[in-house]
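Asks: fold the following for me, if possible:
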Amino acid sequence: MGNIAKTGLSSKALFGALGFLLSACISFSPLAAQEKQAAPDILQQKGLPPVIGKSEPRSMPVKGEDGLYHHSWFKDSFLDLREDIAEAKAEGKQVVLFVEMNGCPSCKKLQQDVMSSFYIKNYVQKNFHAIQLNIHGDRSATDLDGKEMTESQLLRRWGVRVTPTMIFLPETAPDNTKKTGRQLAVIPPMLPASLTAEALYDLFVWVRHKGYLGKTDFRAFYTERQALRSGME
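Replies: Numbers count the residues shown, from 1 in each chain. This is a model prediction of the structure:
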């Protein structure tokens with residue numbers, strides 16, 4: 001996968017990746033179709049976090065026996081996604097899944113170079129339950145429709161074939177739903193290696209503040225915040 005370092009992706013390639021993501025974000029979620037008109041414009045919301053922060057001191061991940069790079073603040077999970085969503089909601093948070101693989105260089109880079117950054121780590125830890133899934137893993141997992149399988153079977157069911165992939169689950173798991181976690185995700189599964197660290201940070205902010213329900217798509221949101229960052233240089 002591509003480079004997620006700040007200088008690793010041209011602006012043209014970045015906006016191409018963002019455009020692909022944004023074209024599906026609003027129409028993908030049934031929730032978005034129902035609530036979009038009621039959502040405030042994210043650019044008008046108060047309480048958005050600063051556009052940039054300190055990278056140091058970093059919180060470095062440790063390589064586990066499964067070959068993945070784990071952060072101590074990531075959520076330990078039995079992979080019953082309904083329970084994970086309920087636990088996150090009880091703490092005022094949302095679930096984000098990181099799908100990774102042993103030997104994946106972009107997975108390692110994502111965790112070592114981006115998620116270790118002080119301000120990104122603090123924001124994600126405060127607002128999300130981050131859970132790692134191994135694309136070849138054999139742990140038991142339960143989808144949102146109640147079906148049990150291994151985590152690798154779950155990811156094949158969702159059509160996830162590339163690592164790293166990120167999936168933002170809904171804030172509430174519907175009762176007795178027949179839909180899968182992929183079908184209920186607030187935006188389509190996306191490839192973080194296609195984004196810079198700053199764009200990935202903005203994506204966390206955009207999702208947490210329900211930008212996918214409002215009038216401002218992510219590309220516009222990122223462009224606005226990037227302009228603010230440029231003005232600080």
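
Asks: can you give me the strands in the chain?
Replies: If you assign secondary structure with DSSP state E, the strands in the chain sit at 62-63, 69-70, 94-100, 128-134, 140-142, 148-150, 165-168.

Asks: what mean pLDDT does the fourth one have?
Replies: Going back to what we said before, that points to strand 128-134. Average pLDDT, strand 128-134: 98.

Asks: go on, the third one?
Replies: This predicted structure assigns strand 94-100 an average pLDDT of 98.

Asks: number of residues surrounding residue 149?
Replies: With neighbours defined by other Cβ atoms under 10 Å, the count for residue 149 comes to 15. (Glycine included, C-beta is placed from N, CA and C.)

Asks: residue 143 is in contact with that one, correct?
Replies: Yes. Under the criterion of Cβ atoms under 8 Å, residue 149 makes contact with residue 143 at 7.4 Å.

Asks: so what sits against both of the two?
Replies: By the contact definition Cβ atoms under 8 Å, 6 or more residues apart in numbering, residue 149 and residue 143 are jointly contacted by residue 157.

Asks: the residue nearest to residue 146 when sequence neighbours are not counted: what's it in contact with?
Replies: What sits nearest to residue 146 in space, not counting adjacent residues and going by Cβ to Cβ, 6 or more residues apart in numbering, is residue 82, at 7.6 Å. Contacts for residue 82 (Cβ under 8 Å, 6+ apart) come out as 142, 144, 146, 173.

Asks: and residue 194, how far from residue 166?
Replies: As judged by Cβ to Cβ, to the nearest Å, residue 194 and residue 166 stand 11 Å apart.
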